[in-house]
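1. Sequence first, predicted model second:
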Amino acid sequence: MTNQPYTVFGYKGKQVRDNIYSRDLVNAFWHFSQAPRAGEVYNIGGGPTSNCSMLEAIAIVERLAGRPMQWSYTDTNRAGDHIWYVSDIRKFRTHYPEWELTRTLDRLIEEIHHEMSDRLSRTAST
């Protein structure tokens, strides 16, 4: 949004990450705090329905912005990076069936774009 260049590191830009709305994560903590299960371990994230690769994220942002992003690619991946990570949230959903994700990936990115647009326009007008 600020036309600053962005660099994608390694994996041909196909590394995948899941994404979760912050309130959905806090809501997961709340559900756990209401009925804690001693010794349980959970993976919390967007899961299989809310993930994308770097290339997919760039395409979504370009569509929202109505213009290409300034980005480049380097073959060297970041130290400790991995090519694919999507949280398996089935166990948490089984233990806390009333918890749910409230944002799709597209809606998450749209909201980030909208909020950043507002923030930049307020900054420009001051």
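-> It's in. Numbers count the residues shown, from 1 in each chain.
2. Which residue lies nearest the spatial centre of this protein?
-> residue 19 (2.8 Å; Cα atoms, centre = their mean).
3. what about the strands in this structure?
-> Secondary structure of the chain (DSSP state E): strands at 6-9, 16-18, 51-53, 71-74, 84-85.
4. can you put those strands in CSV and add mean neighbour count?
-> In short, each C-beta sits where N, CA and C put it, glycine included. Converted to CSV, those look like this (neighbours: other Cβ atoms under 10 Å):
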stretch, mean neighbour count
strand 6-9, 14
strand 16-18, 18
strand 51-53, 19
strand 71-74, 12
strand 84-85, 12
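5. Any chance of the ones you listed in a markdown table with mean pLDDT and distance to residue 61 as columns?
-> Formatted as a markdown table, the strands of the chain follow (pLDDT from 0 to 100; distance: least, Cβ to Cβ, whole Å):
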| stretch | mean pLDDT | distance to residue 61 |
| --- | --- | --- |
| strand 6-9 | 95 | 9 |
| strand 16-18 | 91 | 14 |
| strand 51-53 | 94 | 11 |
| strand 71-74 | 96 | 10 |
| strand 84-85 | 90 | 20 |
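6. Dump those strands to a markdown table, plus distance to residue 97.
-> What follows is the strands of the chain, written out as a markdown table (distance: least, Cβ to Cβ, whole Å):
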| stretch | distance to residue 97 |
| --- | --- |
| strand 6-9 | 38 |
| strand 16-18 | 20 |
| strand 51-53 | 22 |
| strand 71-74 | 40 |
| strand 84-85 | 25 |
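7. Which one, of these, ends up nearest to residue 42?
-> Of all the strands of the chain, it is strand 16-18 that lies closest to residue 42, at 13.7 Å by Cβ to Cβ.
8. Output the contacting helices and strands for the closest one.
-> Using 3 or more Cβ pairs under 8 Å, 6 or more residues apart in numbering; DSSP states H and E, the elements in contact with strand 16-18 are strand 51-53, strand 84-85.
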